[in-house]
Structures are given as structure tokens and as C-alpha cells.
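Asker: Sequence first, predicted coordinates after that:
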Amino acid sequence: MHRNLYDERHRLVRVLARIRAAAEVDTHPLDVTWTQLPGEPVPFAEAVARAYEPGAVGMPWGPPWGTTWFRLTGDVPERMRGRSAELVVDLGFSGGGPGFQAEGLAHRADGSIIKGVEPRTTYVPLDGDGRVGVYVEAASNPTLRGTTPTSLGERSTAGSAPLYRLNRADLVVIDDEARALSIDVEVLLDLAHRLTEGDPRREQILVGLVRMADRLDLDDVPAEATAARAAIAPLLAAPANPSAHRVSLVGHAHIDSAWLWPVRETIRKCARTFSNVVALAETRPELRFACSSAQQYAWMKEHYPELWQRIRAAVTAGTFVPAGGMWVEADTNLPGGEAMARQLVHGARFLRDELGVECRDVWLPDSFGYTASLPQLARLAGARWFLSQKMSWNQTDDFPHHTFWWEGIDGTRVFTHFPPGDTYSAEVTAEELLRGQRGFRESGAATRSLLPFGYGDGGGGPTREMLDRAARFADLEGLPRVAVETPAEFFAAAEEEYAADAPVWSGEMYLEFHRGVYTSQVAMKQGNRRTEHLLREAELWATTAAVRAAAAYPYDELDRIWRAALLNQFHDILPGSSIAWVHREARTVYADLASSLEGIIGSAVSALGGTGDVAFNAAPFEVDGVPALSAGPVVAASGEVSLERSDDGIVIDNGVLQLRLDAAGVLVSVLDLRAGREVLAGPANLLQLHPDHPTQFDAWDIEPHYRARCTDLVAADSVLASVADDGAAEVLVVRREGPSTFEQRLRLAPGAGRVELETTVDWQHRETLLKAAFPLAVHADRSTSEIGFGHVHRPTHTNTSWDAARFEICAHRWLHVGEPGYGVALVNATTYGHDVTRAGSGDRRGPSPTTARMSLVRAPNFPDPGTDRGTHTFRYALVPGADIADAVREGYRINLPLRPAPGADVAPLVVVESGAAVVEAVKLAEDRSGDVVVRLYESLGGRTSARLRLGLDHASVEVVDLHERSDAEVAALAPLTVDGDVVTLDLGPFQVVTLRVGRRHGG
């Protein structure tokens, strides 16, 4: 043959386009009337009651974030009746991705929902051959992609000019055979393009398609479609290789609960996508659609009750499959351990109560790395499988596994799968299937992988075309075998095949990307941290008041607060990577939650009674003489603090630590008088400014090149030193650099072994990173960072690419560095991002100092161009001579300050008398039985025998799962003995245990 197959491939692409166009054999325009809402969305009944004005195809519509209702009416022409007719609506869609532009939701005249109208699913099925009357709620959401600063992320700055033109509103007749031919040709051409040149299968497909095209009359495709399909049918009938890889296709629509759109728009996105899914499943029952995030189901129940009932029916039918068992697809690095537990508890409870479903998987395809405490929490919540694909985004190192056991810090493992197709929004193409097959790292030992398919991020979900391609790909030579299945079906088969031989990944899964999310949007970080600790206080004191004073427990209010807090932990809200609108609303939510929680705490404290001068201590350790988890008088520390000032600077001494600040108020020496050693290796609490210009994603990323330039803030406008009423020495330093102002406060209290620090910044810099540096005179080859329910170690050196990639790390309340016999902790109440390094390059002899730095604030331009402009306060402390136990204690102390209040001494409900166990939560049981629930964990990473004393009349004590249910396997992990009020537990490293204490006669 002398034909040029390169040219023939291009010809076939054009032929395919002609076949697709020819499938539409008749059209008829509908009449258009419209009304534009003046503000936020309104319910259907209110929208259809408005005055509608005449419109037409081609009309401009839709200011940014606006809502326009189109009424499309007309009669189905006689010639179209009895044929495959449907309505096609094009709101002005561009070639960009679904979910990132205009979208619509089609309703019948009675208000019932038909389906969504989106860029890749523009059709609306008709109910019959008579009169057509469809209302489309059209959202004119702006397209926000790229890195250019934009005002479109906030409605007040987005303008009012229309963004779209109505392109189409037609009745259309589809020739089913021509449409089927287009799918046949598309599938075969896609496969041929992905096979290597010279592959016999590839050449056979191309020759077969060319011969079909030679015989096809492109001016009358419908008449010849059946014959054309028959001509290429043998190419589609050739079965896959017997040893072919197997792919489980799972329908999916990863809908970000907020991101480049506000929460109110997410609610509508869910309605559009979920209505697409249930409508598709009604005609294509083979669909299996996995949907995570109980919050999104809850929104449907609240805002779209008719659609909610259809979803429930689809769940019962098995086409709509709840997955993940969490309230939202949360970030996992930033939330505290208890909050991660509540993500699992609240998510599972909703799915169980409303849908009768128990999820066995944790489904987090897009979160920015995964905390090493998650495997244990997942198993305690009843899950045994974990899915993600985000680690494929690593910038430096390829993650070595796709199917493996993930082992947490306590040794618990979950069977884990990363789809090798490296996407959670597949379109079911040959390229995706072959990419997964060729890249599958367990190939040869395992034969199965999973591929989530459906338009995601902004929604859309699976389409009928995707299912058509899946049917043709099911058993096709040149490709893996394909089946549409549920996540559980995949995991069960994969685990049976490979669990015994699967490799193990131990510890955190650090994403080598998106390191800026530990710091972006300061108010998100501080709001989350404060809310988590106020919730701890509220539950503790409300429980204490219920037991001690028979006060009513605020179950419903605490549920509301928890769910709002959990929503804000979604992986684009808490990380700070959303538009201005999202973060403005989140700040308001955090303020509301703080006010509500303070009200709960105040009511509980009042119910406990008394008029004395006491303080309430919600920390799990004694603070200033007040025992843990109790109330009592504060015992003032003994000793005095001297403060001397000279032209050279300031010297402060409290008999434990001696501090020296230079004339500009820079901390240059911390002498640990107990150990007789200098703590610092250079100026500390040193503010440093770096240019911050990420390569790709502004709010998400900190790149290593930021370190090339640094400005130390060492000049002072003023330095004030004084002794406070409580005898503490205090120094206030004001500095200015460029458009920003910095106030640094240092405080050393009598007898204290910590230096309390506070930095307030009027932040006006842009594209700049502010860090606070602490060069420490310790030779540490690793740092230790608190995570939920434990800690992880990370190297301070850069021996390997994996080590070097961890140039920015996340720590919760504390970070510790040390050498044998001596360590230093840096504790904080307000931030997460850190970096820890050894001495720089060049010749050196002797021990290398270690520098720990806190990332305080950034100033990215996208997606919120005003990110963090304003005033922020950061509280932290330097704790010399600290071991890990000291770091744990001081981390709680700074985040849970004593709460002075009129009252009487209040005995704790539980006391840890010995062992390294730490009480993380005290609450009443979720089932409202009045039982008390105590959650605790081993905090030092070793085995311990914990002795607890209960301070309430009890009938039973039981180890339960996270859902507070009896579980023999869970109970066996924590052997328990009860002797009167004393409970003894044997705990493993970082083990989390939930105790359910049955109260006797409600007492």
C-alpha cells in the first residue's frame, strides 16, 4: 500500500467531526423569555413568579456571579414526534472545562428538576411529544483560571457587564445509529493514536477505518451508518489480551465544596451534577457513581428535597454510591487529630442515618498530602481502604507505589490505591487507560487498578458518551479490560489478589508541591486553631456541668458548630487557596462559631456555680497550680525577674533563663541557667522577608528559589522595656520595612522556663513571605513536629531528593529539635508552616547549629489578590531545655490559656495519674444516652500503661470505636481493667483510645 497513514489519520479526524455533526438530523428553535435576578439565587417558585421579557438566541446575559432564568417554550413539530428528540441548550459555553464557566439547571414547569445544563452535557430529555416548557436557572459564573490577579473573585468587585451570550435553545432529533457510529469511530481512532507506530493492531484499525471512510457518503451519514458500523464491527469485537490489565471504572465528580466559587454556588453545582447523575442512571443503570462528602448530601436534603429523594432511591438501587465517610474532603495536614476524627464521625453518621450506608473507604483524591495519623483514625472509624491520586503531583520524586499498605505512626495499616491514570476526572479515553496500564507500578504482581471518570472540580460528572466508550472498551484488543464498578468491588478484588504481597509505605505522605498552603490566608489558620480549642473547652465544661449540675447538654448547637468547622476544613478553604468571597465568608463563620462557643462555655461555667476567684483549665496538664481538666485557684509563680537596660541593650534574668537583647531589640542570647549553656546560635525571633514568586500556583506554592534573597529586619523605630504588674519583664519593639509595620513583644515571667513572644504585623507587602527565625545551638539531624494524635520526625539535612523536597513542613502546636541530652521546642497558637535547616554550605568543623523558622504570613496574588492584607497577631514561645513531653505540655498550654471566672473548685471528670496518655476530648455520647466519652492518646511514641481515675459515678467502662460503638477488634487493641474508679489501659505508640463511661442512674 502506498497510502500515507499520517495523512489518513488527519482525514479520519475530519471524518469523525462530520459524522458527529450528521447525527443531528433535525432542529427546531424554541421561544426564549428571561429574567435576571437582582441579587442572590431564589427558590423556583419565586423565580417563575417574576416578570419575564422576550429574549433570543444571541442575546448577552449574565453579570459575574449572577443568576438568569430562561423560560424555553414551544410545540414539538409533527415531523419530530416519535423520534429521538431532545432539547439542546448552549448558554455560551467556551471550549474550557465544565464547572469553570456558565452552568444551568433545567426544571419542569411544576418545579421538578430534570438535569443540569453544562458544557459537555447540553441536552435536556423531553417528557413527551407535546408542548415543551422548560425553565433553566443559569449561573453566570466567571472563568477564574491561571495566575493573573483578578477582581472577579468577589461579587462586589467583579463588575456588572454580561459575560455570556445565549448560543442555542433548540429541539433536536438525533439519529441513534449515526451517533453510535461516531462513538465507534472515536474509540477506534483514539486507540490507534495511542498505540505505537508499527503495531499491527494500530495499522489494522487505521486501514479498517480508512476503508469505512472510503465507502461512507458524508452527505448522508444516517442512511449509511448501519453499514458503516458493520464494516468496523470486527475491529471492536477483537478481545483484549488474556493477560490484560483490569480497570475498574468508577463514576465520579470531584466537586470542590468551595474554591473558585463560593459555598452557595457549590450547593447549586451539586444539584446540577447530582441531577445529571440520577437522570443518566435512570436510562443507563450500569452506572456506578461514587460520591463523597456528607456535607454535599446534607445540602441536597436541605435545599433540593425532591432531588434528595431521587438520590436516596438511586442509592438504594446501587447506582449512586456514597464514598469516603467524611463530612467533606478535608485537608489532612492542618486539622487537629480530634477534628479529623470528627470528620469521620459526622460524615459516617449522616450517611448511616440518612442513607443506611456504612463506608469502608476513605476517599481523598485531591487533598494536599496526608497526615501519618490518618490510617489509625480510618480503621477506628470502620474503614479499611484509602484512595487518593494527589501524590502523582510530586514535583521531585515519583511516588513508588500505586497499590500498597499505608502504615500510620502507630503501626496501623490501610489498604491503599492511587489510580495510575493520575486523575480523578477521567473522560474514559484510550490514552487514560493506556497511561494507567503502562504506569502501574505493581504490574506483574497485581492486575487491577481503578479509574474515576466524570467531569470534576466544578462538577458535571459522568456523561452518556463516557459510558458508551466504556462499553466499547470493555474487552478490546490493545487495551486493559474495563468494567464499571463500585469502589468496594474494586478494593475487595484488589485486596484479595494482592494484600499479602503489597508493599508498605510508612509515615506521612508528604506532597512535594503546594507547600504554601500551610501559611496562606492567616485568618483560616488562626480561625481553625481557635475553633478546635474552643470546641474542646465547650464540650469539656458542658459535659462537666451535665454531670456535676445536671445542666442540659447543647447537643444540637455543638453539632451545628462542628459541622460548620468541618466544612471550613475543606481542602481549598483551610489551606487558603480559594477566592476572596470564600475566605470572607469563612472569617464570618469563624467569628460566629467563636461567639457561640464562648456562650456555651459561659453557660456551663455559670451552671457549675460559685463566686470565688478561680480559673478553668481545659488543658490535659496542670497549669499555674490548676489541675488538668478542672477549676481552681491560680498559684502564682515564685521568684523575681530582673531587667537591666544599657546603651548596649537589655538583659532579663528570672533565675531560670537569662535573655539579652541588643540595642535594636533583637534577641541575641538565651542562656539556660539550669543547664549552663547558650541556647542560641545567632539572632533569634529574627523577622525575615523573602520574595515569594511561585512558578505555577500563587496561593498554593512556596518554591525553593525564595531562599535566594532575604532581608533581615534588625532596625527598630522604638524599643520599650518594662515590668508588668505580675512581675514579668516585657519588651516591645516596633519595626518598619517598606509598607508594613511590625510590633514584637517579648515576655519572661517569674520562674518561667519559656520565652513568650508575640508579633503583630500590619501587613501590606505583596508577593512576600515573612518568617521568624531561631538559630539554635543544637546539633540535630532531625526535627520533630506535632501532628494529630502524635508527631513525626523529618530530616534537617538534604542527603536525598526526598529530604531536600521537605524544605517547608507542617507542624501543629509545637516543633522540637534536639541532640542527646538537650532540646529546644518552638510552640505556637497561630501558625503551621515551618522550615528547619542545618548550617549552610561551605567548610565547617564542629557541631552544626540548627535553625528553626516559622512561616508567619504570605501575600499571593491569585486567586485572592488581597490575600492577608491587614493586621495579624502571632503568638508563640521558645522553650529551652525541652524534651518531647515538655513540647507536648507547652503546646497545649499556649493554645488553652487558663480561663478566669467566678466559681468554685471543680473536680475533673477524669485524671491521668500515670503514663504518657493525654486526654484530647471529654464529651457526652452522640446517641444522647448521657454516657461520658473520653478520647485519649499515647503522646510520646512509646508503649505505656496509663492509669486513669474517673471522677463520676459510673456503671461501666468500655473501649469503643470512633462512633462510640462496641467493637471487639478495637477493644482488643487496648486491654482495660477497672478497679473502682481506677481504669488501667495498656497503650501502644501513639495509640488513640475512646472510652465510653456508662453513668449510673444518670449520675
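Answerer: Okay, I see it.
Asker: so where do the strands sit in the stretch 501-650 of the chain?
Answerer: 504-506, 612-617, 630-632, 642-646, 649-653 (DSSP state E, counting those that start in this stretch).
Asker: now, of those, which is deepest in the fold?
Answerer: Stretch with highest mean neighbour count among the strands of the stretch 501-650 of the chain: strand 630-632 (a mean of 23; mean count of other C-beta atoms under 10 Å). Every residue, glycine included, has its C-beta placed from N, CA and C.
Asker: which residues sit against that strand?
Answerer: With C-beta atoms under 8 Å, 6 or more residues apart in numbering as the test, strand 630-632 has contacts from 605, 608, 614-617, 625-626, 901, 903-908.
Asker: now stretch 673-687
Answerer: Taking C-beta under 8 Å, 6+ apart as the rule, stretch 673-687 contacts 653, 655-658, 662, 666-672, 712-714, 735, 742, 744, 746, 753, 757, 759, 770-777, 822, 824, 849-851, 878, 880-881.
Asker: next one: stretch 598-607
Answerer: So stretch 598-607 is contacted by 534, 537-538, 541-542, 544-545, 549, 551, 554, 557-558, 616, 631, 899, 901, 903 (C-beta under 8 Å, 6+ apart).
Asker: Quick one, which of the strands of the stretch 501-650 of the chain gets closest to residue 457.
Answerer: For residue 457, the closest of these is strand 504-506, at 26.6 Å, according to C-beta to C-beta.
Asker: If you count contacts, what does the closest one end up packed against?
Answerer: strand 403-407 (3 or more C-beta pairs under 8 Å, 6 or more residues apart in numbering; DSSP states H and E).
Asker: Buried ones in the helix or strand of the chain with the lowest mean pLDDT, by neighbour count?
Answerer: Within the chain, confidence by mean pLDDT, DSSP states H and E is lowest for helix 5-22 among all helices and strands, at a mean of 89. For helix 5-22, a neighbour-count test (16 or more other C-beta atoms under 10 Å) marks 5, 8, 11-12, 15-16, 19-20, 22 as buried.
Asker: Residue 364 - how many residues pack around it?
Answerer: Other residues within reach of residue 364, judged by other C-beta atoms under 10 Å, total 23.
Asker: One more: residue 217?
Answerer: 10.
Asker: and if you look at residue 419?
Answerer: 26.
Asker: Repeat that for the one 3 residues further on.
Answerer: Taking other C-beta under 10 Å as the criterion, the count of residues near residue 422 is 18.
Asker: for residue 953, same thing?
Answerer: 13.
Asker: Then residue 746?
Answerer: Neighbours of residue 746 using other C-beta under 10 Å come to 23.
Asker: and stretch 66-74, how far from the chain's centre?
Answerer: 35 Å (C-alpha atoms, centre = their mean, to the nearest Å).
Asker: State the mean pLDDT of it.
Answerer: For stretch 66-74, the mean per-residue pLDDT is 98.
Asker: Buried residues in it, which are they?
Answerer: 66-72, 74.
Asker: How about stretch 208-220?
Answerer: Applying 16+ other C-beta under 10 Å to stretch 208-220 flags 208-210, 212-213, 216 as buried.
Asker: Run through who's touching it.
Answerer: Looking at what lies outside stretch 208-220 - C-beta under 8 Å, 6+ apart - the contacts are 3, 8, 11-12, 15, 18-19, 22, 185, 188-189, 192, 223-224, 227-228, 231-232, 234-235.
Asker: what's residue 344 in contact with, if anything?
Answerer: 325-326, 362, 377-378, 381, 383, 962.
Asker: quick one: which of these is nearest residue 426?
Answerer: Using C-beta to C-beta, the contacts of residue 344 come closest to residue 426 at residue 362, 20.4 Å.
Asker: how near is residue 575 to residue 358?
Answerer: Distance of residue 575 to residue 358, given as C-beta to C-beta, to the nearest Å: 29 Å.
Asker: Pick out whichever of those two has more residues nearby.
Answerer: residue 575 (27 against 14).
Asker: shouldn't that one be in contact with residue 330?
Answerer: No - between residue 575 and residue 330 there is no contact under C-beta atoms under 8 Å: 10.0 Å.
Asker: list the helices and strands whichever strand or helix holds residue 983 packs on?
Answerer: Using DSSP states H and E, residue 983 sits in strand 982-987. On a contact count with 3+ C-beta pairs under 8 Å, 6+ apart, strand 982-987 meets strand 944-950, strand 976-979, strand 992-999.
Asker: That strand pairs with which strands?
Answerer: strand 944-950 (antiparallel), strand 976-979 (antiparallel) (DSSP bridges).
Asker: how about it as PDB, C-alpha atoms only?
Answerer: Output of strand 982-987 as PDB, limited to C-alpha atoms (Å, rounded to 0.1, in the frame of the first residue of the first chain):
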ATOM      1  CA  VAL A 982      -9.300   3.400  88.600                       C
ATOM      2  CA  VAL A 983      -9.000   2.400  84.900                       C
ATOM      3  CA  THR A 984      -5.800   1.000  83.600                       C
ATOM      4  CA  LEU A 985      -5.000   0.800  79.900                       C
ATOM      5  CA  ASP A 986      -2.100  -0.600  78.000                       C
ATOM      6  CA  LEU A 987      -1.400   1.600  75.100                       C
END
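Asker: Identify all contacting residues around stretch 831-845.
Answerer: 333-334, 515-516, 518-519, 522, 525-526, 702, 771, 780, 783, 785, 794, 796-797, 807-812, 815, 817, 826, 848-856, 874, 876.
Asker: swap the cut-off to 7 Å and go again
Answerer: 334, 518-519, 525, 783, 796-797, 807-812, 815, 817, 848-856, 874 (C-beta atoms under 7 Å, 6 or more residues apart in numbering).
Asker: Among the contacts of stretch 673-687, name the ones in strands.
Answerer: 653, 657-658, 662, 667-672, 712, 735, 742, 744, 746, 757, 759, 770-776, 822, 824, 850-851, 878, 880 (DSSP state E).
Asker: Please indicate which of the contacts of strand 630-632 are buried?
Answerer: So, by 16+ other C-beta under 10 Å, the buried ones in the contacts of strand 630-632 are 605, 608, 614-617, 626, 901, 903, 906, 908.
Asker: residue ranges with poor pLDDT in the stretch 801-950 of the chain?
Answerer: Along the stretch 801-950 of the chain, the model assigns pLDDT under 70 to residues 841.
Asker: how about the helices of it, start to end?
Answerer: Using DSSP state H, counting those that start in this stretch, the helices found in the stretch 801-950 of the chain span residues 801-805, 884-895.
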